[in-house]
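Colleague: just coords:
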DNA sequence: TTTGTGACTTAGTATAGGGTAA
DNA sequence: TTACCCTATACTAAGTCACAAA
């Protein structure tokens, strides 16, 4: 492929050259050149450094030069490529008109922007030009029709709009287990009261006397009606959604039209934390324009707030990647509108992440030697640090920041493990020095594991546990900040989470090597791939609730398999009979019949084996989620290389979205890529 | 040194919608 | 053509980590 495929050549660079940002205001230099409405067709930029070494640290001036150089080209390519998905915009500004003037040939091979072949900014700026239309707000509340009533203590009770809206949030969730939980109900009722008029407040004093059933039925009927809509009605909605996507779903960042990840503001509703969340049921309030901060370039066409409203603020900060933000009322944290994973800004970062992990690969043995040594340290803090690091490395645990208690579910990671989360056994089931982990991690997913550890680790753990209560910290002299500072000293850019990325990717690579048989057919190879992926998901503890229809699905599959088996045996019989015929008749026709039957047997055998593979795959996947590791931990170049090596269509491994996200890897990885 | 904040990545689940079997 | 099933996508919560402020 590319002579300048990046693999292995960039190891030493500071990944994407974003050194820590000297605070330079840039907007003024920016000066609008990005708008340039020229429409010379994108003659793909030729690189002076065609021989490919990606020069990591160009000085800023050079970056600018390049930017200027391509300013007329790129934006319009994107216009072309979007085209088969979206209806072309008719009106709009000058650039679009000029662009629209070009003849579009639909089936023309698309030319995608290869940002990974371009220089990256080194001054800490994330973009030079940013224009967008702002977020889409949740639709206003539509009061219930008169016949849908809320009852209190068995009698209809008319709620004012504010309280009614919040009541509908609860009504919609009635079938959910959440609404039976004490904490949820308590939080809900408290927040609901805040929305009530004084009369309502006086009257409605007991949630148990509130009857939301009629409302619940109404919403169910509505969703049923939506399903029953005619094709035409559905199409109308679809087109409207496409129109909104077209208008609000994209921005222009540095000459390129890029897809926004989440352009809709989160609608109001009841907060549903995960696990045992102390704030479940609280009211997530409606976000209005005056809550929203817009970020764009000064010289762009600023987004207009909805009629009669104002933004909270409009800023021009190109040191960040977000387009809009607001503060959410449950935890007081900030929510952002950002770009899609297929965008340059996300892709660059992703690529960088894997390059950091690959750098860890080249020094991980040194670090392991070091932490082993540290197990013997005289200092408690160093021993703790070393044991924690061992867990992070060996078990791919998360760092484990401290959390404010009472504010969130009680979950932990490595540094925040408590005494109650581990048990140590000098001997267990015939193994020496076993540690048993049992704790809730991110998203309150349980981590349970029993592993034998080295004797020194074991002795250290015993020491850490001495004289402590169950609720005490296991590593009382350690936190993520201390750990990461240490890691930073060991390798530039190293943090705890790099180990997860590294171990996940290296595991995939090893497993693929181990499991793939060149002689297998495609389905078997793909099963091997999925198994390799599964090994990683297991390592990272990526779980999912078994799909509700799991049992049924498996049953259906089994039925199919049984039928296929029957079909196979009868076809085999026919094959035998045909052979017998041919033997006695010796004519062409019967010989042909033998061939036909033979092929039929083969075909059915193949189908059967496909089904069986599918069943195995599914069964093994029951409680394991592959998506998370595939999307966030596995260097996509490993998968691309594997597909190339074994001639497996990439679509078998990555769906469309994933291929878009990993376009950089697909373009640059050859079959010999080594992580 | 500790605490808080902001930006960004990672996470599981709900649901829309497209394909397929009946 | 409809019902069903499954996948892709949308959604948003919950982490990590750097840096600033106290």
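Modeller: Received, thanks. Bear in mind the structure is a predicted one, so any value in this text is a computation, not a measurement. Numbers count the residues shown, from 1 in each chain, chains lettered A, B, ... in the order given.
Colleague: Only C-alpha atoms from now on, for both contacts and neighbour counts.
Modeller: Will do.
Colleague: By residue count, what's the longest strand in chain A?
Modeller: strand A:431-440 (DSSP state E).
Colleague: Within the sheet, what are the partner strands of the following helix or strand past that strand, with directions?
Modeller: Sequence order places strand A:446-452 as the next helix or strand after strand A:431-440, per DSSP states H and E. Its sheet considered, strand A:446-452 pairs with strand A:431-440 (antiparallel) by DSSP bridges.
Colleague: wait, does the partner strand contact DNA strand C?
Modeller: No: against DNA strand C, strand A:431-440 shows no contacts by Cα under 7 Å from any atom of the strand, the least distance being 7.6 Å.
Colleague: Give the rounded mean pLDDT of that strand.
Modeller: In this model, strand A:431-440 has an average pLDDT of 97.
Colleague: hang on, the earlier thing: quick one: check the longest strand of chain A for contact with DNA strand B.
Modeller: No: taking Cα under 7 Å from any atom of the strand as the criterion, strand A:431-440 and DNA strand B are apart, separated by no less than 11.2 Å.
Colleague: Of all the residues in that strand, which ones are buried?
Modeller: Within strand A:431-440, the residues that qualify as buried by neighbour count (16 or more other Cα atoms under 10 Å) are A:432, A:433, A:434, A:435, A:436, A:437, A:438, A:439, A:440.
Colleague: Could you do stretch A:606-621 as well?
Modeller: Residues of stretch A:606-621 classed as buried by neighbour count (16+ other Cα under 10 Å): A:607, A:608, A:609, A:610, A:611, A:612, A:613, A:614, A:615, A:617, A:618, A:621.
Colleague: cool, stretch A:369-389 as well?
Modeller: Across stretch A:369-389, burial judged by 16+ other Cα under 10 Å covers A:371-372, A:374-375, A:380, A:382-389.
Colleague: could those residues go into CSV alongside distance to DNA strand B and pLDDT?
Modeller: Compiled in CSV, the buried residues of stretch A:369-389 are given as follows (distance: Cα to the nearest atom of the strand, whole Å; pLDDT from 0 to 100):
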residue, distance to DNA strand B, pLDDT
A:371, 21, 97
A:372, 24, 97
A:374, 20, 97
A:375, 22, 97
A:380, 15, 95
A:382, 14, 96
A:383, 18, 96
A:384, 15, 97
A:385, 15, 97
A:386, 18, 97
A:387, 20, 98
A:388, 18, 98
A:389, 17, 98
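Colleague: quick one: which of those residues is nearest to DNA strand C?
Modeller: residue A:389 (11.2 Å; Cα to the nearest atom of the strand).
Colleague: I figured the closest one was touching residue A:369, is that so?
Modeller: No: taking contacts as Cα atoms under 8 Å, residue A:389 lies outside contact range of residue A:369: 11.8 Å.
Colleague: picking up where we left off before, inside helices: which ones of the buried residues of stretch A:606-621?
Modeller: Residues of the buried residues of stretch A:606-621 located in helices (DSSP state H): A:607, A:608, A:609, A:610, A:611, A:612, A:613, A:614, A:615, A:617, A:618.
Colleague: gap between the host helix or strand of residue A:628 and the chain center?
Modeller: In this structure, residue A:628 sits in helix A:627-632 according to DSSP H and E. Computed by Cα atoms, centre = their mean, to the nearest Å, the separation of helix A:627-632 from the middle of its chain amounts to 7 Å.
Colleague: That helix near DNA strand B anywhere?
Modeller: Yes: residues of helix A:627-632 contacting DNA strand B under Cα under 7 Å from any atom of the strand: A:628, A:629, A:632.
Colleague: interface residues of the stretch 451-600 of chain A facing DNA strand B?
Modeller: By Cα under 7 Å from any atom of the strand, the residues of the stretch 451-600 of chain A that approach DNA strand B are A:497, A:501, A:540, A:541, A:542, A:543, A:544, A:545.
Colleague: Next one: the fourth one relative to residue A:535, how far apart?
Modeller: Spelled out, it's residue A:541. Distance, residue A:541 to residue A:535, using Cα to Cα, to the nearest Å: 10 Å.
Colleague: And these two? Which one has more around it.
Modeller: Neighbours were counted for residue A:541 and for residue A:535 using other Cα atoms under 10 Å; residue A:541 has more, 21 against 18.
Colleague: Skipping its backbone neighbours, what lies nearest the more buried one in space?
Modeller: Spatially, and ignoring its direct neighbours in sequence, residue A:541 is nearest to residue A:447 (6.9 Å; Cα to Cα, 6 or more residues apart in numbering).
Colleague: try residue A:612
Modeller: Nearest one to residue A:612, counting by Cα to Cα, 6+ apart, is residue A:561 at 7.0 Å.
Colleague: ok now do that neighbour, which residues does it touch?
Modeller: Contact analysis of residue A:561 by Cα atoms under 8 Å, 6 or more residues apart in numbering lists A:608, A:611, A:612.
Colleague: Walk me through the domains of chain A.
Modeller: If you go by automatic domain parsing, the domain ranges for chain A are A:27-125, A:131-289, A:375-494, A:504-668.
Colleague: And what about residue A:240, helix, strand or coil?
Modeller: What DSSP: H, G, I helix; E, B strand; the rest coil gives for residue A:240 is helix.
Colleague: Next, find the distance separating whichever residue of the stretch 51-200 of chain A sits closest to DNA strand B from residue A:295.
Modeller: Ranked by Cα to the nearest atom of the strand, the top residue of the stretch 51-200 of chain A for proximity to DNA strand B is residue A:126, at 7.1 Å. Per Cα to Cα, residue A:126 is found 12 Å from residue A:295.
Colleague: Is there proximity between stretch A:337-345 and DNA strand B?
Modeller: No: residues of stretch A:337-345 are not located near DNA strand B by Cα under 7 Å from any atom of the strand, the shortest gap being 7.5 Å.
Colleague: now the end-to-end length of that stretch.
Modeller: Using Cα to Cα, one end of stretch A:337-345 lies 13 Å from the other.
Colleague: Then stretch A:641-651?
Modeller: Start-to-end span of stretch A:641-651 (Cα to Cα) is 13 Å.
Colleague: How far off centre is that stretch?
Modeller: Relative to the chain's own centre, stretch A:641-651 is displaced by 23 Å; criterion: Cα atoms, centre = their mean.
Colleague: Are we agreed that residue A:470 is in a strand?
Modeller: No: Residue A:470: not assigned to a strand; according to three-state DSSP it is coil.
Colleague: ok, how many other residues are close to it?
Modeller: Residue A:470 has 13 neighbours, counted by other Cα under 10 Å.
Colleague: Quick check: the gap between it and residue A:501.
Modeller: Distance, residue A:470 to residue A:501, using Cα to Cα: 31 Å.
Colleague: helix/strand/coil for the spatially closest residue to residue A:408 that is not a sequence neighbour?
Modeller: In this structure, residue A:408 finds its nearest non-sequential neighbour in residue A:277, 5.6 Å apart by Cα to Cα, 6+ apart. Of the three states, residue A:277 takes coil according to three-state DSSP.
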